[in-house]
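Peer 1: fold the following and give me the result.
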Amino acid sequence: MPLSRPARSLPCISCTWLCLLLSLPLLAQEDESADSEAPAAAREAPSDSTETPDLPPRVSDPSIDSEELSLRLTPLSRDQLGAVAEKWFELYRDKTTELIQTQLAINAAEEAADVEKADAGRAHMLTIGAEREVMGHHFASVLDAWESKGGNADEIRVYRNYRAAVLMEQTRTADLKTVWQYFRSWLFSSEGGLRLLVKFATFIIGLIALLALARIVGHWARRGAQRSPHFSRLLENFVEFAVFWLCLAIGLLMLLALLGINVTPLFALIGGASFVAAFAMQNTLGNLASGLMIMFNRPFDEGDFVDIGGVAGTVKSVSMMSTTVITPDNQVIIVPNSNVWGNVITNTTTATRRVDMTFGIGYDDNIETAQRVLEETVRNHPKVLRSPEPVIRVAELAVSSVNFIVRPWVMGEDYWEVYWDMTRRVKEAFDANGISIPFPQQDVNVRGGQSYPPGEAAPES
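Peer 2: Model (predicted):
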């Protein structure tokens with residue numbers, strides 16, 4: 001039974017959203033930069049285009065393949081490319097007109113309930129669509145070459161808008177069965193869905209291989225840095241980090257270029273984004289610059305015990321943005337690098353350190369005996385270095401005591417052990433030799449001499 005125009009258009013209108021969804025592969029087909037050749041029908045058909053006299057041959061021939069067209073476009077000037085773009089626009093428009101005529105014939109066949117003729121028309125329409133796909137790709141290549149050589153931006157935009165509008169309008173007005181055939185043809189085509197799948201798989205495999213290669217190169221860079229005595233562990237980490245990301249960035253750009261993706265706009269995007277980010281992340285960039293200063297000036301290294309503006313502890317790690325310190329009571333403190341580099345840094349991790357201690361004896365005790373006891377106690381400690389020699393001297397006649405300074409030298413990692421051991425040993429040695437360690441005291445002398453009975457107050461003066 002023949003279908004009337006309203007009856008046929010009703011399901012099309014209700015499924016417009018589905019048509020638009022299914023048309024995405026068509027748009028991808030038209031814009032894809034694959035090196036596909038023209039279909040056999042297009043290669044056999046004689047070209048009806050007239051070559052511009054001052055243009056090389058075949059630059060507007062529909063049977064030309066992508067690689068040859070790209071080579072022939074290279075020496076052309078801006079004006080020549082404009083003329084070539086006009087030729088390809090005419091070819092693309094004519095092929096679009098042929099597609100629309102075929103679609104009208106399909107609509108007429110459906111109204112006449114001629115299913116066989118409608119199916120034949122759809123098959124022919126797929127062939128014409130494949131030919132126009134190649135033309136659209138060539139047309140886009142010409143526009144890209146024209147744009148790269150300073151072509152008229154307004155004209156280029158008009159051409160590109162024409163292509164997009166034609167595709168969207170054709171998809172909107174096509175019936176659902178035609179759109180589904182387009183989608184199925186694209187999905188299982190070696191130049192469509194299968195090619196896209198191969199590219200996606202190639203990208204994933206290439207990315208995995210690139211990550212492995214970047215890690216290997218970064219590891220080699222770290223091993224090379226370890227051979228230099230001027231590189232700290234922080235700088236070694238930075239070299240490995242920088243080489244890894246540099247290899248990854250360069251490799252990713254090369255991978256995208258091999259897949260036929262134009263990476264030139266990416267550089268412009270990165271440049272513009274960097275300019276905006278520089279203002280939006282001033283504090284972050286300050287931390288980044290401070291991190292680089294720390295790594296190259298090496299005020300400390302991983303494992304060093306430092307005091308940074310009142311934060312004392314062992315340096316666990318230093319990243320580009322912050323320094324992680326573990327305090328003696330096992331607290332993890334993360335300090336921004338700008339605060340680290342902007343503060344006084346005290347690094348107490350050295351090969352040898354001097355332990356500064358003070359011991360007091362009473363004024364009634366013998367100084368010579370105390371001097372001998374201190375010297376023997378220091379000398380008998382197994383972790384006190386013989387060179388440099390320890391310094392033991394009377395340093396101060398304090399209010400309540402005579403103070404000795406005791407300054408032995410030890411290895412850096414033995415500092416606190418010697419400090420605590422010496423404090424205990426000196427106390428035990430003083431007790432064994434009868435030397436007192438006085439506590440703070442004060443003598444009060446009362447003058448006047450007259451006393452009064454309990455309960456009787458002294459007269460007021």
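Peer 1: for stretch 125-136, buried residues please.
Peer 2: Across stretch 125-136, burial judged by 16 or more other Cβ atoms under 10 Å covers 125-126, 128-136. The way it works is simple: take the backbone N, C-alpha and C, and place the C-beta from them, glycine included.
Peer 1: alpha carbons of it, in CSV - could you do that?
Peer 2: The C-alpha trace of stretch 125-136 is given here as CSV (Å, rounded to 0.1, in the frame of the first residue of the first chain):
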residue,chain,number,x,y,z
MET,A,125,23.4,6.5,-2.7
LEU,A,126,26.0,4.7,-0.6
THR,A,127,28.3,4.7,-3.7
ILE,A,128,27.8,8.4,-4.3
GLY,A,129,28.3,9.1,-0.6
ALA,A,130,31.7,7.3,-0.7
GLU,A,131,32.7,9.3,-3.6
ARG,A,132,31.7,12.5,-1.9
GLU,A,133,33.5,11.4,1.2
VAL,A,134,36.8,11.3,-0.7
MET,A,135,36.0,14.7,-2.3
GLY,A,136,35.3,16.1,1.2
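Peer 1: one step back: could the buried residues of stretch 125-136 be laid out in TSV, adding pLDDT and distance to residue 228?
Peer 2: Shown next, in TSV, are the buried residues of stretch 125-136 (pLDDT from 0 to 100; distance: Cβ to Cβ, whole Å):
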residue	pLDDT	distance to residue 228
125	78	69
126	78	65
128	81	67
129	78	63
130	76	61
131	81	63
132	81	62
133	79	57
134	79	57
135	84	60
136	83	56
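Peer 1: all helices for the stretch 51-200 of the chain, in order.
Peer 2: Here the stretch 51-200 of the chain has its helices, by DSSP state H, counting those that start in this stretch, at 66-73, 78-111, 115-148, 153-173, 176-187, 193-226.
Peer 1: contacting residues for the residue nearest in space to the middle of the chain?
Peer 2: What sits nearest the mean C-alpha location of the chain, by Cα atoms, centre = their mean, is residue 245, with 7.8 Å. Counting by Cβ atoms under 8 Å, 6 or more residues apart in numbering, residue 245 touches residue 214.
Peer 1: quick check: it vs residue 136, distance?
Peer 2: Distance, residue 245 to residue 136, using Cβ to Cβ, to the nearest Å: 38 Å.
Peer 1: where does residue 365 land in three-state SS?
Peer 2: The three-state label given to residue 365 by DSSP: H, G, I helix; E, B strand; the rest coil is coil.
Peer 1: in this structure, which helix or strand is least confident?
Peer 2: Taking mean pLDDT, DSSP states H and E as the measure, the chain has helix 40-44 as its least confident helix or strand, at a mean of 35.
Peer 1: follow-up on the earlier one: so can I have JSON lines of the helices of the stretch 51-200 of the chain showing distance to residue 360?
Peer 2: Below are those laid out as JSON lines (distance: least, Cβ to Cβ, whole Å):
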{"stretch": "helix 66-73", "distance to residue 360": "91"}
{"stretch": "helix 78-111", "distance to residue 360": "93"}
{"stretch": "helix 115-148", "distance to residue 360": "86"}
{"stretch": "helix 153-173", "distance to residue 360": "88"}
{"stretch": "helix 176-187", "distance to residue 360": "92"}
{"stretch": "helix 193-226", "distance to residue 360": "50"}
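Peer 1: residue 395 is nearest to which of the ones you listed?
Peer 2: Set against residue 395 and scored by Cβ to Cβ, those come closest in helix 193-226, at 45.8 Å.
Peer 1: can you name every helix or strand that the closest one contacts?
Peer 2: Here helix 193-226 touches helix 233-258, going by 3 or more Cβ pairs under 8 Å, 6 or more residues apart in numbering; DSSP states H and E.
Peer 1: the helix it packs on: which residues count as buried?
Peer 2: Those would be 233-240, 243-244, 247-248, 251-252, 255, for helix 233-258 by 16+ other Cβ under 10 Å.
Peer 1: check stretch 429-449 too.
Peer 2: Across stretch 429-449, burial judged by 16+ other Cβ under 10 Å covers 429-430, 435, 438.
Peer 1: nearest spatial neighbour of residue 360, skipping sequence neighbours?
Peer 2: Spatial nearest neighbour of residue 360, chain neighbours left out: residue 401 (3.1 Å); criterion: Cβ to Cβ, 6 or more residues apart in numbering.
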